[in-house]
Structures are given as C-alpha cells and as structure tokens.
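Enquirer: Fold the stuff below for me.
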Amino acid sequence: MLHIFHLVDLVCFSLRSGWHLLCHNLRCAIKYLVLFAYHVRMYIRQTRTNNSSTGEEYFTFRLVQGHRVAGKVRQVTILNLGRHFPVPREYWPLLCSRIEQLLSPQTQFAPIECPDSIETAAQRYFSKLVGRTNANPILPTTSTTSVHNLPSDDLSQPSSELSISSKIVVNNSPDIHAVDINSIELTQPRSVGVENVALHAITQLGLVEMLTRLNVNGVARACIFGSLIGRMAAPASERATWEWLKSQSALGELLNIDFNDFSLINLYRASDVLIKYRKDIEDHVFGTVKSLFGLEETITLYDLTNTYFEGQADANPQAQHGRSKEKRTDCPLVTLGLVLDGSGFVRRSKTFAGNVAEGTTLDAMLKGLQAHAGALVIMDVGIYTKKYRLAY
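Expert: Next up is the predicted model:
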C-alpha cells in the first residue's frame, strides 16, 4: 500500500509540473511499478509436521516474508505462529496486510478496516515482531524487583547463581518531560503485582530447580507457574485460568513467553505433571517451608472433602457415586484428603474413590510422615472410628 501512495503522489506531481516533465515522470512510475512487482509480501504458511516420538501428525503455521536476492525469491520465516493458530484462513491476507501496515508508520494515517479479532491478532503479532528476542522463557531471580532471560539449558542452576549484579547510578539532576494526558491511550491493561510476588515465592521455594531435576520441560514449567499463580490471583478452572493468562495477566511478560501461543491442553498437561510428581513436590516444599520458618512438627491436621463431576467420568476409576458434601448425589465423586501442620502448611495430599469410607483413609495418609512420639493428630469425628479409639 505504501508503494501505491508514492505512485499517486508521483502522478499528481506530473500533472502539476507540466507536460514537458510527464514523460520523464511516467518512466519513473513504470520503474516503481516494476520494483513493486519484485517485492514479495508476507503471507501465512501452513506446514504438515509429524511428532517423532508419538507419530502424531499435525499442522504448524508460520508468518513468512519473501525477499528477492540476486534475481531469486528467498522465503524467510519471520514468526512462528504455532500449532493452534486461531485466525480463519479467509482472514489470513487481511491479517498480513494489517501487520505490514503496522510495521510501516508512514501508512498509519489510513488504517485498514478489519474485525476486532483480526485487529487484536495483528497488534499481538506486531508486538512480537518488534520486541522479539532469542531468549527462552525466563525464571524469577531471588530479587522481587527484577527478572531476567536465560536459555532453557541454564534453568537448572541454583537461584543464587541466577542473580545478576548491576551497578546503580544515581543522577540527582532533574529529568522533566511534558506529556499530554489526552494523547495517552490505554491498550491491553494487565495485572502484574500478584504475579511478581508469586514468582519470588516460587523462587524462594526452589520449585524451578526441582522441576528441572524432574526433567519437566520449559513449556510445562511455564504452564505450571501459570496454573499456580492463577490459583492465587484468580481462583478458577483451567479454562478460566487460561483466559486470564491470555487477556488479564502480565505473567507472560515476566516469563518472556506469550500464553496466547499455548493451547488449553497445555494447562491440563501441567496438572498431570503435578499429579505425577505430587509426593516429590510436597516433600520438597514442606521441607523448604519448615527450614525457612523453623516449624516444629507437633500438630497434624487431617480432613477430607469431595467434589463432583458433571459428566460420567467413565475413564476415571476413582469417580464413584457416594455421599456428596455438596448434595450432588446424582454425580460421580472423588474424595480429597489433606494433611496440614499446625501452621496450616500442606504436608501431604491424596485422592480417593468417591465412595471411600473416611475411616479407612487415615493410615494411608499418616504413613511415612515420620511424626515423633507424642505428636497430636486432629481429625473429624467421622474419621475417628472405633478402630482408632481402641488403638489410642
């Protein structure tokens, strides 16, 4: 479009300058058209890919731009759009045109009309093109005020080695700028306070290093942090957390990733990873908390609850009909057990079948806690059955 504007200006100048210059300017115009024809615009390429480990076949999408070099067109991928590219095919040319326009400030006085969803996508991909770096997802440092970029291979280093030392230069001279507040436009506001504090807490607990030792990859770690921090800032389901990460939270910027590139299934898989390594994570976290706060293991709190599934949950063997504490006896249930210390920190959790008898769960939960003699266990009367009354 920028080339067409220049061409129109050239023709108008010819008419104003007189017929004696028309031939010369037309030759320039023809030359300009030839150059325009040689310019290859960006477009979206769909590529079929196979997963080498599972054999799964899927498509990936890339933003490609062509460049003519030595008489030949070379196609260069300028942005990987991932597997879950949401823009319908009929809007691909419009999206590419809008991105090109955003990259050319001279054309901003005549923006391309496009639907809100396409405009949002164009702004997002434009921002990624402008601010793109070669860094992988980052991890928080031990400081609450800064984060930095590290390659994924370096994420296994202790947090003390991740800190970046810098010299602070204090300039006492005034630096005053005038800003027209009516010219300020607020776009995509996001929260960052809870996220920054939570990342600091995650670093203090050593979760980064632990997940790395468990061979959890960078994408899964980012989704785990997103899920954990989402529970702190906006408790909801994985689907609601996914939407929150994409549209309301600045966590992606702190981690130097874009959650819009992830699908909902990534958050579900992150939950599967947490379940798989639940015991390791619980032991590590409680051990770290115990060391940080000097906790004494004198009191153990134990209780059970249950929750229900809206569907049949046929693939879950623990989903069974039982006595629902939410009065949903029409739905299959799963029972959740939790052991806490006297300060309220979680020591262990476990899931049971929805129809389990509460009194039969205590032995499995207390086994391996290594509580010293005389430790006090507080439980609900429904768990304290005749077996335990006779034993203690």
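Enquirer: Provide the secondary structure category for residue 340.
Expert: Assigned with DSSP: H, G, I helix; E, B strand; the rest coil, residue 340 falls in the strand class.
Enquirer: make that residue 383, sorry
Expert: Reduced to three states by three-state DSSP, residue 383 is coil.
Enquirer: Next: residue 312.
Expert: coil.
Enquirer: For it, which non-adjacent residue is closest in space?
Expert: residue 332 (6.8 Å; Cβ to Cβ, 6 or more residues apart in numbering). Using the backbone N, CA and C atoms, a C-beta is placed for each residue, glycine as well.
Enquirer: Quick check: the gap between that neighbour and residue 266.
Expert: 26 Å (Cβ to Cβ, to the nearest Å).
Enquirer: before we move on, what about residue 120?
Expert: For residue 120 relative to residue 266 (Cβ to Cβ), the value is 21 Å.
Enquirer: about what we covered before: so who does the residue nearest to residue 312 touch?
Expert: 308-309, 312-313, 316, 319-321, 354 (Cβ atoms under 8 Å, 6 or more residues apart in numbering).
Enquirer: nearest to residue 294, of those residues?
Expert: residue 354 (38.7 Å; Cβ to Cβ).
Enquirer: what pLDDT does the residue nearest to residue 312 get?
Expert: pLDDT for residue 332: 94.
Enquirer: For it, give me phi and psi.
Expert: phi -70, psi 150 (degrees, to the nearest 10).
Enquirer: Any buried residues in stretch 310-325, and which?
Expert: Within stretch 310-325, the residues scored as buried using 16 or more other Cβ atoms under 10 Å are 313, 319-320, 322, 324.
Enquirer: how about the helices in the chain?
Expert: 2-17, 22-38, 92-103, 116-131, 159-162, 193-204, 207-213, 218-233, 238-247, 251-255, 264-276, 278-293, 362-366, 386-391 (DSSP state H).
Enquirer: quick one, which of those is nearest to residue 302?
Expert: Comparing the helices of the chain by Cβ to Cβ, helix 362-366 comes nearest, at 6.1 Å.
Enquirer: Return the closest one as CSV; C-alpha atoms alone will do.
Expert: This file holds the C-alpha atoms of helix 362-366, laid out as CSV (Å, rounded to 0.1, in the frame of the first residue of the first chain):
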residue,chain,number,x,y,z
LEU,A,362,-6.1,-42.2,57.9
ASP,A,363,-3.5,-45.0,57.9
ALA,A,364,-2.5,-44.3,54.2
MET,A,365,-2.2,-40.5,54.9
LEU,A,366,-0.2,-40.7,58.1
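Enquirer: by contact count, what packs against that helix?
Expert: strand 299-308, strand 333-341, strand 346-353 (3 or more Cβ pairs under 8 Å, 6 or more residues apart in numbering; DSSP states H and E).
Enquirer: Please repeat the previous calculation with a cut-off of 7 Å.
Expert: strand 346-353 (3 or more Cβ pairs under 7 Å, 6 or more residues apart in numbering; DSSP states H and E).
Enquirer: send the alpha carbons of the strand it packs on over as PDB?
Expert: Extracted C-alpha coordinates of strand 346-353, given in PDB (Å, rounded to 0.1, in the frame of the first residue of the first chain):
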ATOM      1  CA  VAL A 346       0.300 -28.700  53.500                       C
ATOM      2  CA  ARG A 347       2.300 -31.800  54.300                       C
ATOM      3  CA  ARG A 348       0.500 -34.300  52.100                       C
ATOM      4  CA  SER A 349      -2.500 -34.700  49.800                       C
ATOM      5  CA  LYS A 350      -4.200 -37.700  48.300                       C
ATOM      6  CA  THR A 351      -7.200 -38.600  46.100                       C
ATOM      7  CA  PHE A 352      -9.500 -41.400  47.000                       C
ATOM      8  CA  ALA A 353     -12.500 -43.000  45.300                       C
END
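Enquirer: ok, that strand: who's next to it in the sheet?
Expert: The strands beside strand 346-353 in its sheet (DSSP bridges) come out as strand 333-341 (antiparallel).
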